[in-house]
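S.K.: structure for this input, please:
(one chain, ligands or ions: 2)
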Amino acid sequence: MNSASASWCLSRAGGVVCTRPRGHAGLHNRSGTSRMWSDREADAPLCPGSGAPATPAPRLADGFPHGTALCEACWGFVPLDDGLLAPHDAFRGADDAEEVGRRSVWFNTHGW
Ligand SMILES: [Zn+2]
Ligand SMILES: [Zn+2]
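M.R.: Ligands and ions are numbered 1, 2, ... in the order given. As a prediction, the model looks like this:
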């Protein structure tokens, strides 16, 4: 029960993520809780890369990106949860100038 897999529905409401299989019928539910919700109550969808298997990205000398992995769907650095990308919103740009700088150094060093 409740084993992490890449096929979660990933609908969300109030920060709770649906752990039923993708495309399931009926209400969304976080397994192990009584929390249920309908599509109408759900929050905006997560990045489709959420729950994908990934490995930590190589680090720069200062440690960036600190053990997170690059999401191939949105190109954000995302924390790993047991080898899977944690549920996250699609990356829409760095939060500050420092992160912009670290990202550009990383992509120059390890990117394509
Ligand atoms: Zn669901
Ligand atoms: Zn993503």
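
S.K.: low pLDDT regions in the chain?
M.R.: Per-residue confidence for the chain (pLDDT under 70) gives these ranges: 1-6, 112.

S.K.: residue numbers of this structure in contact with ligand 2?
M.R.: Counting by CB under 5 Å from the ion, the residues of the chain lying close to ligand 2 are Cys47, Gly49, Cys71, Ala73, Cys74. No exception for glycine: its C-beta is placed from N, CA and C like everyone else's.

S.K.: and which of the residues you listed is nearest Leu84?
M.R.: Gly49 (10.1 Å; CB to CB).

S.K.: residues contacting the residue lying closest to Cys9 once chain neighbours are set aside?
M.R.: Among residues not flanking Cys9 along the chain, Cys18 sits closest, at 4.2 Å (CB to CB, 6 or more residues apart in numbering). Cys18 is in contact with Trp8, Cys9, Leu10, Ser11, Arg12, His28, Asn29, Arg30, Trp37, counting by CB atoms under 8 Å, 6 or more residues apart in numbering.

S.K.: do the same with Arg20
M.R.: Neighbours of Arg20 in contact, by CB under 8 Å, 6+ apart: Trp8, Cys9, His28, Asn29, Ser31.
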